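**Q** need a structure here:
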Amino acid sequence: MQRLFVLIALINLSALALAGDTTSLVDLSKLDASKLTTSHAAVTSTGEALSVRSEDAREQGTVQFDVPEAMRDLSTWGLVKVDLENVGDKPLRFTFWALSGNGWGGAGTWSTQPERFQLPTPGQPKSAGVEVLAAKERRSFQMDLHACYPKPDASGRFYTRAMEPASVRWLKLVLGERGQVLVHGIHISGKAPAKPHEHFNRVLVPDIERGEPMAGKRVYQKLPGWENTRIEHVLTLPKEWNQGTKFPVIVEYTGNVFYHKWCHSTGLTDQGNMAYGLSRGETFILLNLPFIATDGQREEPNGWGSIEKTEDYCMEALQFVSAHYGADLNQVFYTGFSRGELAMNYLALRDDRIAPIWRGFIGADPAMASAKKWQGTAGWNHCAEGWDERGARLHGRPFFSQHPSYGPVHVDVEYLEDSPSTLAARAWLQGMIQQPKP
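**A** Below is the predicted model:
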């Protein structure tokens, strides 16, 4: 009976899409607000609409809508539309997302009104995909389910898709500041493009599970001594893993909380996709490690937190996976996105305790101040201070750095598809583990 219901739902969705109609994706009148996944937001139902209120000026409020399994294949549809109303007396900044998981970045909204309705930060251009509702304003916004990142590869043929429209698993509303918004409706409409962009073969990142580590699995894990905190990391054992064999390691650090049209970054450890893209789940043990907050009790999604505690955790995690899972501490590589890439210098070369552990770095030259744009200043979160001193600890060890013009967007999915630069990065890694450590 359940399979029959799923089949009927899919047939109905496909028929509506072919007809070019609009249909509700989330029935707000039947939604149990208490069962929604939220962070720093209070959600209540008004009957026909959903009220989302963010009261914490320091944190962005979020609410996640899980798409029923029978409704997840939206590949024949063109758009998701959301009808929002700002009930407050001040402009309210927000982003709205359709997400697929498994390493897909996500598609964000753009306004259905002219640009003059958007209220940018004074002195700064409006970030694409960061929308603004004026006080007491109600308006519709839409997202392209087939959006691609805006620049093709060198051949001009291949684009990276922002999400997988055949598997839309979540919708997510993020309020950029304190305020209240009413969600009046979430709909799907329009048709998929007749000829979608070509794209590279993409590796799908497995979901993270809770349970014992196993070959080919990604699992949450707590370190001994950190059990009474909310801090954990993600361990991925390669598909060919077996007890008693040594495996090289890739350590990955994520960026900050950062939302705009082309970047859905939660700032959390389990967001990391780069190490899995580089390894394709083979050959390497993967460690997605957290930045530690100053209180030592939680993960820090923004900024450095306590860089000293973050270093301690990194060293302990490497020793733990070496003792229990065969991590080869002579073959440890570093990669990171945004904040994580800056931490190649700020964390990975911080002192003579942590600097010697790295075999190589992927994504940047940790000794070259990408911080040159901050020349004469302290840089982002003081990262430019002492850059050269830390860079000297590289001692000539190798790194793989992409050409600066390659990345058209600020996003962490670059190693998931078989683009020329990704193939080159993977080949470099394989070559490195076949060479003796200098």
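**Q** and R230, how many residues sit next to it?
**A** 11 (other CB atoms under 10 Å). No exception for glycine: its C-beta is placed from N, CA and C like everyone else's.
**Q** number the residues from 763 up from this point.
**A** Will do, 763 is the new start, and the previous item becomes R992.
**Q** would it count as being in a helix?
**A** No. Counting by DSSP: H, G, I helix; E, B strand; the rest coil, R992 is located in no helix; its state is coil.
**Q** partner strands of the helix or strand S813 falls within, with direction?
**A** For S813, the element it lies in under DSSP states H and E is strand 812-816. If you go by DSSP bridges, strand 812-816 pairs up with strand 804-807 (antiparallel), strand 941-953 (antiparallel).
**Q** immediately after that strand, which helix or strand?
**A** Next in sequence after strand 812-816, counting helices and strands by DSSP H and E, comes strand 823-828.
**Q** and the angle for that following strand with strand 812-816?
**A** 150 degrees (axes from the mean of the first three to the mean of the last three CA atoms, to 10 degrees).
**Q** in stretch 1116-1135, what counts as buried?
**A** Using 16 or more other CB atoms under 10 Å as the test for burial, stretch 1116-1135 gives 1116-1117, 1119-1129, 1131-1133.
**Q** and the strands paired with strand 812-816, which is most packed in?
**A** strand 941-953 (a mean of 20; mean count of other CB atoms under 10 Å).
**Q** still on that earlier bit, so which of the strands paired with strand 812-816 is nearest Q1196?
**A** In terms of CB to CB, the element of the strands paired with strand 812-816 nearest to Q1196 is strand 941-953, at 49.5 Å.
**Q** tell me the average confidence for the closest one?
**A** Mean pLDDT, strand 941-953: 94.
**Q** what do you get for stretch 800-814?
**A** For stretch 800-814, the mean confidence score works out to 91.
**Q** quote the end-to-end distance of it.
**A** End-to-end span of stretch 800-814 (CA to CA, to the nearest Å): 10 Å.
**Q** so how far is it from its chain's centroid?
**A** 25 Å (CA atoms, centre = their mean, to the nearest Å).
**Q** repeat for stretch 1086-1100
**A** Stretch 1086-1100 sits 20 Å away from the centroid of its parent chain (CA atoms, centre = their mean).
**Q** same question for stretch 931-939.
**A** 13 Å.
**Q** put the alpha carbons of that stretch into CSV.
**A** What follows is stretch 931-939, C-alpha atoms only, in CSV (Å, rounded to 0.1, in the frame of the first residue of the first chain):
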residue,chain,number,x,y,z
ARG,A,931,15.5,16.3,0.8
TRP,A,932,15.2,19.6,2.8
LEU,A,933,14.1,23.2,2.5
LYS,A,934,15.7,25.7,4.9
LEU,A,935,14.8,29.2,5.9
VAL,A,936,17.6,31.3,7.5
LEU,A,937,16.8,34.6,9.2
GLY,A,938,19.8,36.9,9.1
GLU,A,939,18.9,38.9,12.2
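**Q** who's in contact with that stretch?
**A** For stretch 931-939, the external contacting residues (CB atoms under 8 Å, 6 or more residues apart in numbering) are 787-788, 803, 814, 816, 819, 822-829, 834, 842, 844, 854-863, 868, 892, 943, 945, 948, 1021, 1026.
**Q** what does stretch 982-992 give?
**A** Counting by CB under 8 Å, 6+ apart, 970-972, 975, 993-997, 1032, 1058-1061, 1075, 1078-1079, 1082 sit against stretch 982-992.
**Q** returning to that earlier point: can you select the buried ones among the contacts of stretch 931-939 for me in ChimeraX?
**A** To isolate the buried members of the contacts of stretch 931-939 in ChimeraX, using 16+ other CB under 10 Å:
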select :787,788,803,814,816,822,823,824,825,826,827,829,834,842,844,854,855,856,857,858,859,860,861,862,863,868,892,943,945,948,1021,1026
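**Q** which stretches of the stretch 1063-1200 of the chain have low pLDDT?
**A** 1132-1135, 1164-1172, 1198-1200 (pLDDT under 70).
**Q** try 90
**A** For the stretch 1063-1200 of the chain, applying pLDDT under 90 flags the ranges 1125-1147, 1163-1186, 1196-1200.
**Q** now do the helices in it.
**A** 1069-1087, 1101-1108, 1149-1153, 1182-1195 (DSSP state H, counting those that start in this stretch).
**Q** and the shortest one, what's buried?
**A** Right, the one you point to is helix 1149-1153. Neighbour-count burial for helix 1149-1153, with 16+ other CB under 10 Å as criterion, is recorded at W1149, R1152, G1153.
**Q** what does stretch 965-983 give?
**A** Residues of stretch 965-983 classed as buried: V965, V967, P968, I970, P975, K979, R980, V981, Q983 (neighbour count, 16+ other CB under 10 Å).
**Q** so of the helices of the stretch 1063-1200 of the chain, which one's packed in deepest?
**A** helix 1101-1108 (a mean of 25).
**Q** how is this protein partitioned into domains?
**A** Domain ranges of the chain: 764-953, 970-1195, per automatic domain parsing.
**Q** please compute how far the longest one lies from its chain's middle.
**A** How far domain 970-1195 lies from its chain's middle: 14 Å, per CA atoms, centre = their mean.
**Q** and stretch 995-1010, end to end?
**A** Stretch 995-1010 has an end-to-end distance of 18 Å (CA to CA).
**Q** ok, residues contacting that stretch?
**A** When contacts are defined by CB under 8 Å, 6+ apart, stretch 995-1010 is touched by residues 968, 970, 975-983, 985, 1031-1032, 1034, 1037-1038, 1041, 1043-1052, 1075, 1079, 1083, 1087-1090, 1093-1095, 1121, 1195.
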